[in-house]
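1. could you look at this predicted model? Sequence included:
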Amino acid sequence: MSVNNNERFTRGRQKLKEIDGEAGEKVIESLKSIAPDLARYTIEYPFGDVYSRKGLDLKSREIATVAALTAMGNADAQLKVHIGAALNVGCSAEEIIEIIIQMSVYAGFPAALNAATAAKFVFAERGLLEA
């Protein structure tokens, strides 16, 4: 299947908006002044190609992404964006915490604790924390 970059970009931009909303747009905008090609690649490959594939729904893709970013332990900004994205595509706050707890087994407690802090930040922003 031959797809030109304009189609990839358009498809990627639509998928980015569907998943990440305003947070995704902020990431792309922040890259434009320093690395416009990286901004374009971020739209075309992850969102135009990978997130647009059949085989997994968006909720499953975000579960995998939150798990991977939690396990990495060094991607706080990206983890916050994808925790928000997971909420956008149907994950509950409880499911996100369960993902983080699951990753404590494989990535260790420091990574899980950092992810829990990121989740707390996103949940607070969204009004999902009880007082």
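-> That came in fine, so what should we check first? Numbers count the residues shown, from 1 in each chain.
2. so what touches stretch 72-80?
-> 23, 66, 69-70, 107-108, 110-111, 114-115, 118, 121-122 (C-beta atoms under 8 Å, 6 or more residues apart in numbering). The way it works is simple: take the backbone N, C-alpha and C, and place the C-beta from them, glycine included.
3. tell me the centre residue of the protein?
-> H82 (2.5 Å; C-alpha atoms, centre = their mean).
4. got the domain ranges for the protein?
-> Domain assignment for the chain by automatic domain parsing gives 1-53, 55-131.
5. among these, show me which one is buried the most.
-> Stretch with highest mean neighbour count among the domains of the chain: domain 55-131 (a mean of 17; mean count of other C-beta atoms under 10 Å).
6. by mean pLDDT, point me to the weakest helix or strand of the chain.
-> When each helix and strand of the chain is scored by mean pLDDT, DSSP states H and E, helix 22-32 comes last, with a mean of 88.
7. with just CA atoms, put the helix or strand just after it into PDB.
-> Next along the chain after helix 22-32, taking DSSP states H and E as the criterion, comes helix 36-42. Taking Å, rounded to 0.1, in the frame of the first residue of the first chain, the C-alpha atoms of helix 36-42 are listed here in PDB:
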ATOM      1  CA  PRO A  36       9.700  21.000  13.000                       C
ATOM      2  CA  ASP A  37      10.700  17.700  11.400                       C
ATOM      3  CA  LEU A  38      10.400  15.900  14.700                       C
ATOM      4  CA  ALA A  39       6.900  17.400  15.100                       C
ATOM      5  CA  ARG A  40       5.900  16.100  11.700                       C
ATOM      6  CA  TYR A  41       7.400  12.600  12.400                       C
ATOM      7  CA  THR A  42       5.500  12.500  15.700                       C
END
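8. how far off centre is the helix or strand following helix 36-42?
-> Downstream of helix 36-42, the next assigned helix or strand under DSSP H and E is helix 58-72. Relative to its chain's centre, helix 58-72 lies at 7 Å (C-alpha atoms, centre = their mean, to the nearest Å).
9. likewise stretch 80-92?
-> Stretch 80-92 sits 7 Å away from the centroid of its parent chain (C-alpha atoms, centre = their mean).
10. same check on stretch 79-99?
-> 9 Å.
11. next, the distance between the ends of that stretch.
-> 12 Å (C-alpha to C-alpha, to the nearest Å).
12. alright, calling it a day.
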